[in-house]
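1. need a structure here:
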Amino acid sequence: MRFFSYSSYVPRFDMPTSSNLNLFWCSGSIAGIAMIIQLVSGIICSMDYLNFIVFKFVEGGSLLSFGEPGPLVDGFSVELIRFLHLWGASLLFVCLFIHMGRGVYYCSYSKNPLMWTLGVFLYICIMAEAFLGSLLPWHQMSYWAGVVISSIFMSLPYVGSMLYVYLMGSYDFGETIISRVFVVHVFFGFVILFFILLHIIMLHKVGSSDSFNSSDSYSDVIYFHKVYSFKDSFVFMFVIFFTILVTCYNPWLTGCKENFIDPNVLSTPSNIKPEWYFLPFYAILRSIESKLGGLLSVLLVIFLFWVPIPGWYSGYNSILRRFFFWVFCYSFIFLGVLGANEPTLLCQSLSLMGNVFLCVSLFFLKFVDYFFFVGRKS
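-> Predicted coordinates for the structure are as follows:
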């Protein structure tokens, strides 16, 4: 079969690449570095993880509870790797947000819809993986965030209760669920790695988009190596240096203070706040009273973001596109800020308004501006 042709799909350093790529094209490579950090640190962390709730706070609120230091690493080294795993998740999502935002801004989805679809599906898998990982420390916010998000399954008609018990093991959000979450979290990492390889294969088959996105064949191309590989190496060194700096001096930079205390299962906190990269979607879920309505709203945003328009190579110079792109960005950030605040009536109303602006801006970016551009071109 041609799909498995080695000569067509093998990744290579001499891939012809457009000569007008800017710094935003480094975000995908940095995301790959962050994913490697997550895989390696996660495997090492899993060697010392105990899924018994009674041991969760043996080491002063530590994610890793262990007795005698093993021959591979001592206690301090494991804690350092744990901090690296914690910061690596934030680094990965920063790179993903920049990477996907660049794809929307420069209409990268129009050149290879299949690669865009793989990328969106990969992002959903990474979101699920990050959510499962956030439950494992069993702290205050991770416990209650798991209770709230897992209760969404109950909102599904007819099969919700049965699906909840089948996935969680019981109605009680306890030790049985943590055991299952840990197994699925480790397994999902390798599933994500498989889809990353598919994403890279599609990239080397079709080629990278460029900042003008004008045609399938580049009029001015250069080889990826040595120009872009040399440029990316400088970005890699800066990112690795910054990662080591944050891991050693301020590992809780992106953490929540309330997530470092023992969970109180008898009292619901006034403000349940997940990790920062979940906040925009959490605000959308919270803006609608019905759990099923909130879930459908999140799925609508993902659908509008995913749907590609193949064969269209509009430039990003359209004022209409730029306007709605920045409306989309500001709405996403605005929802993230609202998701971190307490769920008051004003916050809920503003979240609903931000959700409307987010969907409308995506709709104009993908559909209305397309027909406007086609009509103007004709």
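2. Please count neighbours and contacts with C-alpha atoms only from this point.
-> Noted.
3. Can you show me the strands along the chain?
-> Along the chain, the segments classed as strands by DSSP state E run 16-18, 221-223.
4. Any regions of the stretch 51-200 of the chain where pLDDT drops low?
-> 51-78, 169-175 (pLDDT under 70).
5. at 90 instead, please
-> The model of the stretch 51-200 of the chain has pLDDT under 90 over residues 51-88, 101-118, 128, 131-190, 198-200.
6. Where do the helices of it begin and end?
-> 75-105, 113-135, 140-150, 160-168, 175-206 (DSSP state H, counting those that start in this stretch).
7. closest one to Phe334 among those helices?
-> Phe334 sits nearest to helix 75-105 of all the helices of the stretch 51-200 of the chain, at 14.8 Å, using Cα to Cα.
8. Same question for the closest one: list its buried residues.
-> Residues of helix 75-105 classed as buried: 75, 78-93, 95-96, 98-105 (neighbour count, 16 or more other Cα atoms under 10 Å).
9. Can you give the distance of that helix from its chain's centre?
-> Centroid separation between helix 75-105 and its chain, computed with Cα atoms, centre = their mean, to the nearest Å, is 9 Å.
10. Next: stretch 338-357.
-> Distance, centroid of stretch 338-357 to centroid of chain: 22 Å (Cα atoms, centre = their mean).
11. Contacts for it, please.
-> Stretch 338-357 is contacted by residues 270-273, 276, 279-284, 286-288, 327-328, 331-332, 334-335 when judged by Cα atoms under 8 Å, 6 or more residues apart in numbering.
12. Buried subset of these, written for ChimeraX?
-> Those of the contacts of stretch 338-357 that count as buried under 16+ other Cα under 10 Å are selected in ChimeraX with:
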select :272,273,276,279,280,281,282,283,284,286,287,288,327,328,331,332,334,335
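13. In space, what's closest to Phe324 - neighbours in sequence excluded?
-> Excluding its sequence neighbours, the residue lying closest to Phe324 (Cα to Cα, 6 or more residues apart in numbering) is Ser361, at 5.1 Å.
14. these two touch, right, the one you found and Val327?
-> Yes - between Ser361 and Val327 a contact is recorded at 6.2 Å, counting by Cα atoms under 8 Å.
15. dump the residue contacts of Val337.
-> By Cα under 8 Å, 6+ apart, Val337 lies in contact with Leu279, Pro280.
16. same thing but at 10 Å, please
-> Applying Cα atoms under 10 Å, 6 or more residues apart in numbering to Val337 gives the contacts Trp276, Leu279, Pro280, Ala283, Ser331, Cys347, Ser351.
17. from these, which two are the most distant?
-> Between any two of the contacts of Val337, the greatest separation by Cα to Cα is 16.9 Å, found for Trp276 and Cys347.
18. give the contact list for the closest residue in space to Val239 that isn't next to it in sequence.
-> Leaving out its chain neighbours, the residue that sits closest to Val239 by Cα to Cα, 6+ apart is Ile30, at 7.8 Å. Contacts for Ile30 (Cα under 10 Å, 6+ apart) come out as 36, 91-92, 94-96, 99, 232-233, 235-236, 239-240.
19. ok, now how distant is Ile30 from Asn271?
-> 33 Å (Cα to Cα, to the nearest Å).
20. now Val246
-> To Asn271, Val246 is 27 Å away according to Cα to Cα.
21. Also Gly294?
-> In this structure, Gly294 and Asn271 are 18 Å apart, going by Cα to Cα.
22. With Lys111 instead?
-> 43 Å.
23. what do you get for Leu167?
-> From Leu167 over to Asn271 (counting by Cα to Cα), the distance is 26 Å.
24. overlap in contacts of Ser361 and Val327?
-> With contacts defined as Cα under 10 Å, 6+ apart, the residues adjacent to both Ser361 and Val327 are Arg321.
25. Show me the one of the helices of the stretch 51-200 of the chain that comes nearest Phe323.
-> Closest to Phe323 of the helices of the stretch 51-200 of the chain is helix 75-105 (Cα to Cα; 10.7 Å).
26. mean confidence for stretch 348-360?
-> Stretch 348-360 shows a mean pLDDT of 91 in the predicted model.
27. CA-only coordinates of it in PDB, if you can.
-> Provided in PDB are the C-alpha atoms of stretch 348-360 (Å, rounded to 0.1, in the frame of the first residue of the first chain):
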ATOM      1  CA  GLN A 348     -21.400  32.800  35.300                       C
ATOM      2  CA  SER A 349     -23.000  35.500  33.100                       C
ATOM      3  CA  LEU A 350     -19.600  36.700  31.900                       C
ATOM      4  CA  SER A 351     -18.500  33.100  31.100                       C
ATOM      5  CA  LEU A 352     -21.600  32.600  29.000                       C
ATOM      6  CA  MET A 353     -20.900  35.800  27.100                       C
ATOM      7  CA  GLY A 354     -17.200  34.700  26.600                       C
ATOM      8  CA  ASN A 355     -18.400  31.300  25.400                       C
ATOM      9  CA  VAL A 356     -20.700  33.000  22.800                       C
ATOM     10  CA  PHE A 357     -17.800  35.200  21.600                       C
ATOM     11  CA  LEU A 358     -15.600  32.200  21.400                       C
ATOM     12  CA  CYS A 359     -18.000  30.200  19.200                       C
ATOM     13  CA  VAL A 360     -18.900  33.200  17.000                       C
END
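28. need the helices for the stretch 201-350 of the chain, in chain order.
-> Here the stretch 201-350 of the chain has its helices, by DSSP H, counting those that start in this stretch, at 224-249, 279-287, 291-306, 319-339, 345-363.
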